[in-house]
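Undergrad: structure of the sequence below:
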Amino acid sequence: MGKKILRREFLIAAPAAAGVLSAARAAAGPFASMSRQQSRLGGAAYVPKPDYPRQPKRISEITLRDNFWRPKIRTNAEVTIPLEIRKFTDAGRPMSHNILEAAIYSLQTFPDAGLQGQVDARIREIRASQQGKPAAGNALFEVAAAYHAATGKTDLLDLARKSADLIYDTFVSENPPFSGGERDAINCIQLYRATREKKYLDLAKHYLDIRGADNSVNRSRHNQSWRPVLEQSEAVGHAVNAASLMVSLADVGVLTGIREYFEAARRIWLDVIGAKLYVTGGIGSTGNEGFGRPYVLPNLSAYCESCAAFMFATFNLKLFLATGDGSYIDVMERTMYNNAIDGVSASGDRFFYVNRLAKGVAGMLPAQSRPFPGVDARIRLRAGRGRDLCEPVCVQRYLLRHQRPETVAFGRKRNAVGRKVETGGVRRRRDPGKPQAPNSRVGPQSAGAGRPVFLPGPAGWTGAGFRQRQRGRRDR
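TA: This next block holds a predicted model:
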């Protein structure tokens with residue numbers, strides 16, 4: 001029991017055991033234990049948090065110059081997104097919100113006058129169609145938040161707020177039951193992040209609270225409404241819906257500080273990585289696009305839907321942002337480097353909806369274009385908002401050759417395709433205008449796609465599972 005377990009064994013030998021350790025480490029996260037709240041909108045007593053304690057950098061603040069991710073992101077911008085827009089145009093339909101959001105993010109990294117014109121035209125269409133009135137549903141929330149974050153403009157955000165206010169008032173006056181929406185809470189969380197209005201966080205929480213109540217529409221395991229969400233511990237039903245629920249639980253738990261929500265998310269995560277995760281990081285083993293029985297992971301009939309992979313990778317990123325535990329990055333990278341990118345061809349114009357380990361079925365998936373622009377932001381994370389000189393910075397190992405303001409290189413490491421990266425340890429470009437922090441933090445090397453690297457960090461900060469390195473000494 002006294003032997004230290006290397007984290008490289010996490011996904012190779014004992015995923016379930018490592019998951020239990022991870023849960024124990026995260027128990028002291030940024031949560032205040034609170035008794036379960038009643039399912040009444042606005043009835044929960046909590047102080048909302050502005051966001052996660054660790055934050056991804058903005059897409060516009062990162063420049064990739066590697067030979068693995070940058071070509072894929074460029075292909076997404078130059079081939080995949082225009083292809084999906086043409087498909088909608090040829091069918092006589094307006095650009096979907098998924099593609100619009102992907103285009104908004106992509107333009108921050110790869111500006112394009114033609115694509116910008118299409119985005120502007122679509123936004124004008126949305127404004128004209130609503131004529132200043134609230135739209136039914138919450139589908140506009142996420143793209144409105146993305147547009148506001150990218151441009152600072154509030155026209156779509158104002159429309160989204162009107163819709164959210166109408167939904168809020170309807171819940172207060174009528175309290176309708178859960179109706180099966182998989183992204184309801186996520187969309188409200190995005191609106192809360194953009195506006196910092198507590199009522200939208202209340203709305204996200206309420207969507208979770210009514211899920212699994214006796215009056216839930218089509219109450220079943222397939223849509224994860226078979227029991228109240230805070231009582232769930234298994235990954236069941238439709239894999240995309242389940243991963244969306246996991247993300248929602250993590251978001252609400254962190255932003256409200258009510259730890260029961262985050263603990264429910266972690267319990268489901270443990271069930272996945274212990275008994276229902278493919279070697280590729282894919283989830284969903286059955287023909288109904290969902291989770292099957294524990295340890296039943298067939299190759300030929302594996303579903304491993306691309307959308308589920310993207311959402312599950314996002315979920316693991318959220319868990320890391322909440323806890324600082326690099327084990328979640330292991331799982332995220334396994335999914336990203338195997339299942340997620342496997343759903344898009346190298347040419348960017350062919351797609352796999354299903355990612356079987358023995359045989360695949362080709363299909364078209366517009367939503368696959370949306371996560372790629374955000375890869376830039378996910379590779380570099382910061383903790384301790386507002387502490388300019390004492391922010392631990394996390395960088396994925398295989399992605400960066402250049403970023404602003406740091407330049408990162410690695411000694412005696414291999415990148416995602418097996419080629420050695422320049423030696424020299426971890427280097428940081430000095431900013432002559434700022435004092436230099438004395439410490440850096442380097443995560444142990446993993447057998448997976450990479451270990452996070454922290455630099456620099458305050459002397460009192462200890463990330464779970466990471467070793468401290470003094471400047472001038474190489475971490476061997």
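Undergrad: residue boundaries of the helices in the stretch 101-250 of the chain?
TA: For the stretch 101-250 of the chain, the helices defined by DSSP state H, counting those that start in this stretch occupy 113-130, 140-151, 155-173, 184-195, 198-209, 239-256.
Undergrad: tell me which of these sits most buried.
TA: Highest mean neighbour count among those (mean count of other Cβ atoms under 10 Å): helix 239-256, with a mean of 26. Where C-beta positions appear, they are placed from N, C-alpha and C, glycine not excepted.
Undergrad: show me what it is packed against.
TA: Secondary-structure packing of helix 239-256 (3 or more Cβ pairs under 8 Å, 6 or more residues apart in numbering; DSSP states H and E): helix 184-195, helix 198-209, helix 259-275, helix 306-323.
Undergrad: do you have the strands of the stretch 1-150 of the chain handy? List them.
TA: Under the criterion DSSP state E, counting those that start in this stretch, the stretch 1-150 of the chain contains strands at 54-56.
Undergrad: quick one: low-confidence parts of it?
TA: 1-39, 42-43 (pLDDT under 70).
Undergrad: how near is residue 158 to residue 144?
TA: 8 Å (Cβ to Cβ, to the nearest Å).
Undergrad: about what we covered before: turn the helices and strands packed on helix 239-256 into CSV, including distance to residue 329 and mean pLDDT.
TA: Below are these laid out as CSV (distance: least, Cβ to Cβ, whole Å; pLDDT from 0 to 100):
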stretch, distance to residue 329, mean pLDDT
helix 184-195, 21, 96
helix 198-209, 25, 95
helix 259-275, 13, 96
helix 306-323, 5, 95
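Undergrad: which of those sits closest to residue 69?
TA: Closest to residue 69 of the helices and strands packed on helix 239-256 is helix 306-323 (Cβ to Cβ; 13.6 Å).
Undergrad: so that closest one versus helix 259-275, what angle?
TA: Angular relation of helix 306-323 and helix 259-275 on a 0 to 180 degree scale: 130 degrees, by axes from the mean of the first three to the mean of the last three Cα atoms, to 10 degrees.
Undergrad: domain boundaries for this structure, per the record?
TA: 11-378, 380-476 (automatic domain parsing).
Undergrad: so residue 97 touches residue 143, yeah?
TA: Yes. Shown here, residue 97 and residue 143 form a contact pair, counting by Cβ atoms under 8 Å, at 4.6 Å.
Undergrad: show me where the stretch 251-400 of the chain has helices.
TA: 259-275, 306-323, 327-334, 341-342, 375-378.
Undergrad: for the third one, name the packing helices and strands.
TA: Packing partners of helix 327-334 (3+ Cβ pairs under 8 Å, 6+ apart): helix 15-26, helix 306-323.
Undergrad: go again with 10 Å.
TA: If contacts are counted by 3 or more Cβ pairs under 10 Å, 6 or more residues apart in numbering; DSSP states H and E, helix 327-334 sits against helix 15-26, helix 259-275, helix 306-323.
Undergrad: repeat for the shortest one
TA: The contact analysis (3+ Cβ pairs under 10 Å, 6+ apart) places helix 341-342 against helix 306-323.
Undergrad: helices or strands next to the helix it packs on in the packing?
TA: Using 3+ Cβ pairs under 10 Å, 6+ apart: helix 306-323 touches helix 15-26, strand 54-56, helix 239-256, helix 259-275, helix 327-334, helix 341-342, helix 375-378, strand 380-383.
Undergrad: if you set the cut-off to 7 Å instead, what comes out?
TA: Applying 3 or more Cβ pairs under 7 Å, 6 or more residues apart in numbering; DSSP states H and E, one finds that helix 306-323 contacts helix 239-256, helix 327-334.
Undergrad: wait, which of those is closest to residue 202?
TA: Per Cβ to Cβ, nearest to residue 202 of the helices and strands packed on helix 306-323: helix 239-256, 8.8 Å.
Undergrad: mind checking the pLDDT average for the closest one?
TA: Per-residue pLDDT over helix 239-256 has a mean of 96.
Undergrad: re the thing from before, quick one, which of the helices and strands packed on helix 327-334 is nearest to residue 102?
TA: Among the helices and strands packed on helix 327-334, if distance is taken as Cβ to Cβ, the winner is helix 306-323, at 11.7 Å.
Undergrad: nearest residue to residue 275 other than its sequence neighbours?
TA: Spatial nearest neighbour of residue 275, excluding adjacent residues (Cβ to Cβ, 6 or more residues apart in numbering): residue 294 at 3.7 Å.
Undergrad: you'd agree the one you found is up against residue 276?
TA: Yes. With contact defined as Cβ atoms under 7 Å, residue 294 counts as touching residue 276 (6.4 Å).
Undergrad: looking at the helices and strands packed on helix 327-334, which is buried most?
TA: helix 306-323 (a mean of 26).
Undergrad: what's the closest non-adjacent residue to residue 206?
TA: residue 41 (4.5 Å).
Undergrad: correct me, but that neighbour touches residue 202?
TA: Yes. Contact status for residue 41 versus residue 202: in contact at 6.0 Å, counting by Cβ under 7 Å.
Undergrad: coming back round to it: among the helices of the stretch 251-400 of the chain, which is nearest residue 221?
TA: So among the helices of the stretch 251-400 of the chain, helix 259-275 is nearest, using Cβ to Cβ, at 12.7 Å.
Undergrad: re the thing from before, format the helices and strands packed on helix 327-334 as TSV; extra columns: distance to residue 187.
TA: Converted to TSV, the helices and strands packed on helix 327-334 look like this (distance: least, Cβ to Cβ, whole Å):
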stretch	distance to residue 187
helix 15-26	26
helix 259-275	17
helix 306-323	14
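Undergrad: ok, which of these comes nearest residue 183?
TA: Here helix 306-323 is closest among those (Cβ to Cβ), at 9.5 Å.
Undergrad: ok and that closest one relative to helix 239-256, angle-wise?
TA: Using the same axes, to 10 degrees: helix 306-323 against helix 239-256 is 20 degrees.
Undergrad: may I have helix 306-323 as PDB, with CA atoms only?
TA: Extracted C-alpha coordinates of helix 306-323, given in PDB (Å, rounded to 0.1, in the frame of the first residue of the first chain):
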ATOM      1  CA  SER A 306     -18.700  11.000 -32.600                       C
ATOM      2  CA  CYS A 307     -21.000  13.500 -30.900                       C
ATOM      3  CA  ALA A 308     -20.700  11.400 -27.700                       C
ATOM      4  CA  ALA A 309     -16.900  11.500 -27.900                       C
ATOM      5  CA  PHE A 310     -16.900  15.300 -28.200                       C
ATOM      6  CA  MET A 311     -19.200  15.700 -25.300                       C
ATOM      7  CA  PHE A 312     -17.400  13.200 -23.100                       C
ATOM      8  CA  ALA A 313     -14.100  14.900 -23.800                       C
ATOM      9  CA  THR A 314     -15.700  18.200 -22.800                       C
ATOM     10  CA  PHE A 315     -16.900  16.600 -19.600                       C
ATOM     11  CA  ASN A 316     -13.400  15.400 -18.700                       C
ATOM     12  CA  LEU A 317     -12.100  18.900 -19.300                       C
ATOM     13  CA  LYS A 318     -14.800  20.300 -16.900                       C
ATOM     14  CA  LEU A 319     -13.700  17.900 -14.200                       C
ATOM     15  CA  PHE A 320     -10.100  19.000 -14.600                       C
ATOM     16  CA  LEU A 321     -11.000  22.600 -14.500                       C
ATOM     17  CA  ALA A 322     -12.900  22.000 -11.300                       C
ATOM     18  CA  THR A 323     -10.200  19.900  -9.500                       C
END
